[in-house]
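Asker: take a look and give me a structure for this.
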Amino acid sequence: MAINCIQLRDVVIRPALQAIGYLSDDAVALLLGTCAQETQLGRYLIQASIGFKGGIGIYQIESPSYHDVWESCVENSPSMRAKIMIHLGYTGKPQPARMATDLALATIMCRLYYSRIKEPLPRAGDLPAMAAYYKRYYNTPKGKATEQQFIDNYTELVTC
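Answerer: Residues are numbered from 1 along each chain as shown. The predicted model follows:
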């Protein structure tokens with residue numbers, strides 16, 4: 001069973017992105033697509049075969065990627081750190097495993113992951129461009145996902 005798309009968008013993604021100053025329709029669409037591809041819109045919270053050593057949360061971010069994003073986007077930015085701490089209520093850096101239960105943390109980390117890419121986000125609604133962007137930068141050419149899988153999962157699951 002997947003998370004209700006409208007609720008995920010309106011209760012989790014939009015507020016989390018607004019809190020850090022990264023809210024846009026393009027970002028919301030890409031994160032919904034990433035979630036649809038990685039976990040069938042929240043059906044899985046951890047990469048079951050390897051527990052918390054694989055992908056964690058609705059976007060399946062691995063611990064090394066989490067730490068890398070935190071170091072490059074949060075640790076070196078007092079303003080970003082403050083925004084995250086205020087929105088999430090943490091007083092320090094949460095452990096990566098928190099992404100399995102804290103949808104806002106997972107969303108912020110996924111958006112910050114994408115924020116490090118120099119190429120602009122693809123336009124919301126341009127599924128082929130979103131799929132190519134996801135595959136190139138998130139799943140990477142070495143990953144098992146395909147652009148067609150992204151398009152199919154987005155079309156089937158992102159109904160908001």
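
Asker: sketch out the low-pLDDT regions of this protein for me.
Answerer: Counting by pLDDT under 70, the chain has low-confidence residues at 48-53.

Asker: where along it do the strands fall?
Answerer: Taking DSSP state E as the criterion, the chain carries its strands at 46-47, 51-56, 61-62.

Asker: can you say which of those strands is packed in most?
Answerer: The highest mean neighbour count among the strands of the chain, using mean count of other C-beta atoms under 10 Å, belongs to strand 61-62: a mean of 20. For every residue, glycine as well, the C-beta is placed using N, CA and C.

Asker: partners of it, with directions?
Answerer: The pairing partners recorded for strand 61-62 under DSSP bridges are strand 51-56 (antiparallel).

Asker: could you measure from the residue lying closest to Tyr134 once chain neighbours are set aside over to Ala2?
Answerer: In this structure, Tyr134 finds its nearest non-sequential neighbour in Phe150, 5.3 Å apart by C-beta to C-beta, 6 or more residues apart in numbering. Phe150 is 15 Å from Ala2, where distance means C-beta to C-beta, to the nearest Å.

Asker: return the residues in contact with the closest residue in space to Ser63 that isn't next to it in sequence.
Answerer: Nearest non-adjacent residue to Ser63, counting by C-beta to C-beta, 6+ apart: Pro96, 4.3 Å away. The contact partners of Pro96, taken as C-beta atoms under 8 Å, 6 or more residues apart in numbering, are Phe52, Ile56, Ile61, Glu62, Ser63, Tyr66, His67.

Asker: so which residue is smack in the middle of the protein?
Answerer: Closest residue to the average C-alpha location of the chain: Cys110 at 3.1 Å, with C-alpha atoms, centre = their mean.

Asker: pretty sure that residue is touching Leu31, no?
Answerer: Yes - assessed by C-beta atoms under 8 Å, Cys110 is found in contact with Leu31 at 5.8 Å.

Asker: name the residues contacting each of those two.
Answerer: Counting by C-beta under 8 Å, 6+ apart, the common neighbours of Cys110 and Leu31 are Tyr59.
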